[in-house]
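**Q** sequence below, structure please.
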Amino acid sequence: MTRVTRYWNEFRIAMMLLTRLPMGGFSGQVPSLSQARWAYPLVGLPIGLIVWAVWAGAGAIGFSPLLSGFLALAGLTFLTGGLHQDGLADLADGLGGGRDRDHCLEIMRDSRIGSYGVVALVMALGIWVFALFESRPGLTEFLAISVASRFAMLMVLEFLPPARSDGLGQSAATGGYRMIWVGFAAMIALLLPLGSTGLIIALAMVPTTSLVAWRAWKRIGGQTGDVCGATQLLAETAGWMALTL
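**A** As a prediction, this is how the structure comes out:
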């Protein structure tokens, strides 16, 4: 297997994990989630493009910016299968209702959603839509925020230890900072054309990501798949909020 083929297969694994887009089958050895994690930020490129197309297409046929924002959110949810929304709801329920580390993790594994999860989702998704309505973003903003928020998720995977001995957070985390420069370079390349706006977006995402990581580390001792999903969605929402400035 050539190096290009290996990287392409790792990107496909990342796409299969983070989206519902069809990526075909594999012949031969299948890359692990750990090997594919460097590509997580790059998954933001097709997602950002498609969600922007929904937003722009809805506006072009006459829908209001507010309704276009809701349609863009629906497109995002369809593309990702609600993966990150589920992570935010589970994390909010776990950290909000857990007595201790083990109880938090137990709640986070429960498929049912509680009051903390509902409130967190309503707040985050409401802000997401209204921020689009206020900022009226273009393609570059969609791509930059989509990639940067998934780079934030990758940073949590890289720098926080797994909170469990099994699960997505554990299987995707091992490997040691492999090719993280690829996602970083993609993020910088998209933020730089935005000038000071790109700097504001980054400055909003950094403390948001840091706060989620810090709370996860204090309460459950590290990261899980839910922590990573919540990080992505909250960083993305913070980026849209910053864009309104």
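**Q** use CA for all of it now, contacts and neighbours both
**A** Noted.
**Q** tell me if I'm right that Gln223 and Glu158 touch.
**A** No. The pair Gln223 / Glu158 is not scored as a contact, 9.6 Å apart, by C-alpha atoms under 8 Å.
**Q** neighbour count winner among these two?
**A** The neighbour comparison of Gln223 against Glu158 (other C-alpha atoms under 10 Å) goes to Gln223, with 27 against 21.
**Q** tell me the contacts of Leu95?
**A** Leu95 makes contacts with 104, 216, 219, as judged by C-alpha atoms under 8 Å, 6 or more residues apart in numbering.
**Q** and it, what helix or strand is that in?
**A** For Leu95, the host element (DSSP states H and E) is helix 83-97.
**Q** and for Met187?
**A** Per DSSP H and E: helix 180-191 holds Met187.
**Q** output the contacting helices and strands for that helix.
**A** Judged by 3 or more C-alpha pairs under 8 Å, 6 or more residues apart in numbering; DSSP states H and E, the packing partners of helix 180-191 are helix 40-60, helix 139-159.
**Q** next, the angle helix 180-191 makes with the helix or strand following it.
**A** Downstream of helix 180-191, the first helix or strand assigned by DSSP H and E is helix 196-220. Orientation check (axes from the mean of the first three to the mean of the last three C-alpha atoms, to 10 degrees): helix 196-220 against helix 180-191 gives 140 degrees.
**Q** for the record, mean pLDDT for helix 196-220?
**A** Averaged across helix 196-220, pLDDT comes to 96.
**Q** need phi/psi at Gly62.
**A** phi 110, psi 0 (degrees, to the nearest 10).
**Q** residues near it, how many?
**A** 10.
**Q** list the contacts for Ile180?
**A** Residues counted as contacts of Ile180 (C-alpha under 8 Å, 6+ apart) are Trp38.
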